[in-house]
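Chemist: Attaching a predicted model along with its sequence, questions to come.
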Amino acid sequence: MYPGLTGPATQASQKLEIFKSKAKAEEVASKPPPEISKRFRERLPALQRGFSGTKMPGRSVGPPDPINDYVFEGFDSKCLEFKMVSHMTANLGRKIRFSALVATGNQKGLIGYAVAKSQQGKASLRQAKNKAGQRLQFIELYNGHTVFHNFYSVEKGVRLFVEKQPKGYGLKCQRVIKELCKMIGISDLRVKCEGSTNPQCLVKAFIRGLLEQETHQKLADRKQLHVVEYRTEMDDIPIVVASPSGGKTTTEPFDDENFDFENYYYEDGKVVLKKERDPLQRHTHMASDWRSYMLRNKERNQQRAKYERIIYGYEPSKEEIRRRSTPMES
């Protein structure tokens, strides 16, 4: 190996670069050193992050592109799902693409959503938001802040129980549904999700349930009765919210004893599953915790045990209790 010819030239264990001319060496020396690539991604501002951190789901992708002279003023689009999908082909083998689910809305009742796939991630996001802008649907809201009634919606493995809430309650629901509510303009709602949490099924079930809800005026026309609402903040004073369009109500008595408006639009009498919290969950890990819990709650089942003794006839009568309490004669 000849240094400088077949191998690197070194001087004091440092590698030397050989140039054909002195001017070339001075030009290389005058250039700034190359920037070292950053190991981590650049941090996004807090207001630009979505519900998945710095990843795409939950982040804003801007309004849809203008169509001719129409500009989408007041609209904003959110990415709800962003993933890589693939399929096997005979000639090209496995083809990988990006799939994006984007919803757009103006916070005044208009909402649209679409799914698009492309070879590039940015292209799929742009196509999805433009498709969503062409599929807008209007959703009517009660007083501009919540739904008209509770309803139950199903899409494949997703089951949604949507509950109407008063003003100031807020949004307590799954994060994908929460973003949809913000884009529609819903500010007070509670949604219980059971089963799968597939974003596409969540969006389809929720939007279909909103479109199929029955307004108070439609209910009054169908039943030929006044629709009355009781509010806690109004001391439960009945407030008429809708009346039949013809002005006449039916004279037949309404004798449905099992009528419950809160569960009226739930199919087949379904109700939300309410799981009871196990009180012993925090006290079963260590023996000392279990012992202290038993000492603090040693009378926790006395009332139930008393009722069981009364049912099976093992509970003594008052005379027997009085006789047992008297001291025994010597």
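Modeler: Alright, I've got the coordinates. None of the values given here were measured: they were computed from a predicted structure.
Chemist: Now do the contacts for residue 82.
Modeler: 55, 56, 57, 98, 99, 100, 101, 121, 124, 125 (Cβ atoms under 8 Å, 6 or more residues apart in numbering). For every residue, glycine as well, the C-beta is placed using N, CA and C.
Chemist: So what sits opposite the nearest residue to the first one once chain neighbours are set aside in the bridge?
Modeler: The spatially closest residue to residue 55, leaving aside those adjacent along the chain, is residue 82, at 7.2 Å (Cβ to Cβ, 6 or more residues apart in numbering). Here residue 82 sits in beta bridges with residue 100, going by DSSP bridges.
Chemist: Filter the contacts of residue 82 down to the buried ones.
Modeler: The neighbour-count test (16 or more other Cβ atoms under 10 Å) applied to these identifies 56, 57, 98, 99, 100, 101, 124, 125 as buried.
Chemist: so the last one makes contact with residue 56?
Modeler: The one in question is residue 125. Yes. Using Cβ atoms under 8 Å, residue 125 is in contact with residue 56, at 7.4 Å.
Chemist: what touches both of those two?
Modeler: 79, 82, 100.
Chemist: can you redo those as a markdown table with distance to residue 45 and pLDDT?
Modeler: Below are these laid out as a markdown table (distance: Cβ to Cβ, whole Å; pLDDT from 0 to 100):
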| residue | distance to residue 45 | pLDDT |
| --- | --- | --- |
| 79 | 17 | 96 |
| 82 | 19 | 96 |
| 100 | 22 | 96 |
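Chemist: Nearest residue to the middle of this structure?
Modeler: residue 174 (1.7 Å; Cα atoms, centre = their mean).
Chemist: What strand or helix carries the residue nearest to it when sequence neighbours are not counted?
Modeler: With Cβ to Cβ, 6+ apart as the criterion, residue 174 has its nearest non-adjacent residue at 4.9 Å, and that residue is residue 193. Per DSSP states H and E, residue 193 falls inside strand 189-195.
Chemist: What is that strand packed up against?
Modeler: strand 158-164, strand 171-172, helix 175-184 (3 or more Cβ pairs under 8 Å, 6 or more residues apart in numbering; DSSP states H and E).
Chemist: If you average the pLDDT over the second one, what comes out?
Modeler: For strand 171-172, the mean pLDDT works out to 95.
Chemist: In the sheet, which strands lie alongside that strand, parallel or antiparallel?
Modeler: strand 189-195 (parallel).
Chemist: what sits up against the partner strand?
Modeler: 146-147, 157-165, 169, 171-174, 177, 181, 202, 206, 272-273.
Chemist: Before we move on, what's the pLDDT of residue 1?
Modeler: 56.
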